[in-house]
Each structure stands twice: as structure tokens, then as C-alpha cells.
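K.L.:
Could you work out the structure for the sequence below:
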Amino acid sequence: MIHDFTQQKSIITQFVSELRNVETQNNKEVFRKNLSRIGQFLAYEVSKHVNYKQQEIQTPLIKTQATVLAEQPVIATILRAGLPLHQGVLECFPDAENAFVSAYRKTNANKQIDYIIEYISSPILENKTLIITDPMLATGLSMIQCLEKMIAQKGTPKHIHIISVIASQEAVTRIAGAFPQADIWCAAIDADLNAKQYIVPGLGDAGDLAYGARE
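P.N.:
Residues are numbered from 1 along each chain as shown. Okay, the predicted model is just below:
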């Protein structure tokens, strides 16, 4: 299921507008903080769709029943741009297990884009809830390949939640086709990709804006 916050009136839209705006996005600290804030708010929405159980706890006065998480999810991120978003999700699920994927895109000799996955550091995923974050979903192909490799190496999650700040319509359609059981949570969905497969209007390169341009 695709959850699009583009049309919803919430503080998320304010943070997205600041991320997009060239007059404010050159402050790396603020840019990272806004990614983290969006991650936390979207994770809160995800938290309404995970399993809970009743547990007896002791208050200063009496014992009582409390509603708590039935199990901890695994929070995964695609390096490097996903780190601030990952941190925001972790604020919502502070005891979660964590996974990290190194992936990037490279233009080959035929001027086509290849998606290179260098390594995966992850706990076992079998029958767990996986929350995977990537701030920008342009074509969706890197997310699909990351999920396929994670599942091949670490087992099949019982449910997948994908959190993104800005995605193209093409990306969410492609990912939903490849993983129809997954929930896709987007702060904004943009209509277009340009010739270089950048999201339009988008916001530029999230990794460079968060951490500085690569050499």
C-alpha cells in the first residue's frame, strides 16, 4: 500500500518545503535535522501498523496492564544519504535492531545506469518486520535490488515498510509491483524524472546536501 503525505496538511509538508528550498537547504545541519524529523514522524505512522501485546507492569501505586510492542522491528538504511532519516526512525523505535546497505548507481560503458550493492550488514530478517529507509526513490530499482539481496541473504520478513522523503511516481509504482505486500510511506511523491533520472522537482542530491559533495 502506498501512503502519500503530499496532500495532507501536517508539519511534514513544512519540513519537505525546507529541504527543497535552495535558500535554506545549504545549511547541512538543518538539512540533516529535517530528514531526521521526517523519519520520526513517518515512523510514528508506521507504528500504528505493527503488532502490540498486553504486558503487566508495576506503577508506583499498583500493577496494571500496558500495551507494548510485541516485537522490535529491524530498521535498515541505504548509505549514506539515509543516515539522518534512519536516525529519525530510530528515535521512534529506540530498541530496534539495525541494518545497513551500501549501494550506489554508476553509469556503465553503454551509458546505462547500474546499481552496485557493495555490502549488507544486517541481522536475520526471517519473520520479522523490516523498516527500510532511503530519502530519495528515483527509479525504485536500487530499493528493489537492495530488498532482493537482503531477503536472499537474511531471510524473508513477515512485513516490509519502506520510508522515503521524496519519491517519483514511477518509483512507487515499480516498487509496489515488485513487493505488493510492502507499505510505502512517502512524505512527498513527485510526478517526473529528468533525463539523468533525478526526481523533478525533487531537491537535488540528498547525500551531498547532508554531508558535502563527493570528490
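K.L.:
For the rest of this, base every contact and every neighbour count on C-alpha atoms.
P.N.:
Fine.
K.L.:
And residue 210, what's its pLDDT?
P.N.:
For residue 210, the pLDDT comes out at 84.
K.L.:
how about it, what does it touch?
P.N.:
28, 29, 31, 32, 81 (Cα atoms under 8 Å, 6 or more residues apart in numbering).
K.L.:
Residue 29 now?
P.N.:
With contact taken as Cα under 8 Å, 6+ apart, residue 29 is in contact with residue 210.
K.L.:
Now do the SS call for it.
P.N.:
Secondary structure, DSSP: H, G, I helix; E, B strand; the rest coil: residue 29 is helix.
K.L.:
Please apply the same query to residue 173.
P.N.:
Classified using three-state DSSP, residue 173 is helix.
K.L.:
residue ranges for the helices of the chain, please.
P.N.:
Along the chain, counting by DSSP state H, helices occupy 11-20, 28-47, 83-92, 141-154, 169-178, 206-211.
K.L.:
among these, where is the model least confident on average?
P.N.:
Across the helices of the chain, the lowest-scoring stretch is helix 206-211, with a mean of 85.
K.L.:
How far does that one sit from its chain's centre?
P.N.:
15 Å (Cα atoms, centre = their mean, to the nearest Å).
K.L.:
Kindly export that helix (C-alpha atoms) in CSV.
P.N.:
Once non-C-alpha atoms are left out, helix 206-211 reads as follows in CSV (Å, rounded to 0.1, in the frame of the first residue of the first chain):
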residue,chain,number,x,y,z
ALA,A,206,20.4,14.3,-0.6
GLY,A,207,23.7,12.8,0.3
ASP,A,208,25.7,15.8,-0.9
LEU,A,209,23.3,18.2,0.9
ALA,A,210,23.6,16.3,4.1
TYR,A,211,27.3,15.6,4.2
